[in-house]
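# Predicted model and sequence follow; I will ask about them next.
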Amino acid sequence: MKVLVLHGPNLNLLGERQPEIYGTMTLADLDGLVLEKAASLGFEVRTFQSNHEGALIDRIHEERRWMDALVINAGAYTHTSYAIRDAIAAVAVRAIEVHLSDIHAREPWRRESRIAEVCEAQIVGKGAGSYLEALDLLAG
Ligand code: DQA
């Protein structure tokens, strides 16, 4: 299975960004764990991070014929972006929404996800484990 793993805005600062919420792991550490897990499942994975909504959408479009599935942590765009939601719906691949923190246990505005309806599952609050669980779900 070919999987595109997308990281949205501010996730490039993992490791230094609010470590009490997001932990001390860097984005490179996270991608390393994702790639290791993917290899153990026999998956091919491409990862991409951007702080720009359009760049995330462009990447979804560019990989639409390559990928079988999308694992996406859209960061704060999760709560606002109908455009990312439409991009996921447009490419019609399996999609899993992931978050490092538990968005349901934080500020009320974080509980709303614009992309949840076009994703088959939402996995939250497990740190890197949210991404790894998403890969397991795709495998199963
Ligand atoms: C996040 C949760 C979002 O609310 C926040 O804006 C992020 C990270 C998470 O992984 O917990 O940037 O998606």
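Sure thing, it's come through.
# Contact residues of this structure facing the ligand?
Within reach of the ligand by Cβ under 6 Å from any ligand atom, the chain has these residues: 10, 73, 75-76, 78, 99-101, 103, 110. Where C-beta positions appear, they are placed from N, C-alpha and C, glycine not excepted.
# Can you tell me which of these comes closest to residue 3?
residue 73 (13.3 Å; Cβ to Cβ).
# Just to check, the closest one is in contact with residue 99?
Yes - using Cβ atoms under 8 Å, residue 73 is in contact with residue 99, at 6.0 Å.
# how about the strands in this protein?
2-7, 44-49, 69-73, 94-98, 121-123 (DSSP state E).
# got a markdown table for the ones you listed, with mean pLDDT and mean neighbour count too?
Listed next are these as a markdown table, based on pLDDT from 0 to 100; neighbours: other Cβ atoms under 10 Å:
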| stretch | mean pLDDT | mean neighbour count |
| --- | --- | --- |
| strand 2-7 | 98 | 24 |
| strand 44-49 | 98 | 18 |
| strand 69-73 | 98 | 25 |
| strand 94-98 | 98 | 23 |
| strand 121-123 | 98 | 17 |
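# Tell me which of those lies nearest to residue 63.
strand 2-7 (4.7 Å).
# could the strands of the chain be laid out in CSV, adding distance to residue 129?
Listed next are these as CSV, based on distance: least, Cβ to Cβ, whole Å:
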stretch, distance to residue 129
strand 2-7, 14
strand 44-49, 16
strand 69-73, 13
strand 94-98, 9
strand 121-123, 8
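# pLDDT below threshold where in this protein?
Filtered on pLDDT under 70, the chain yields no residues whatsoever.
# For the longest helix along the chain, which outside residues touch it?
Taking DSSP state H as the criterion, the chain has its longest helix at helix 27-41. Residues from elsewhere that reach helix 27-41, judged by Cβ atoms under 8 Å, 6 or more residues apart in numbering: 1, 3, 5, 7, 11-12, 14-15, 44-45, 47, 49, 128, 131-132, 135-136, 139.
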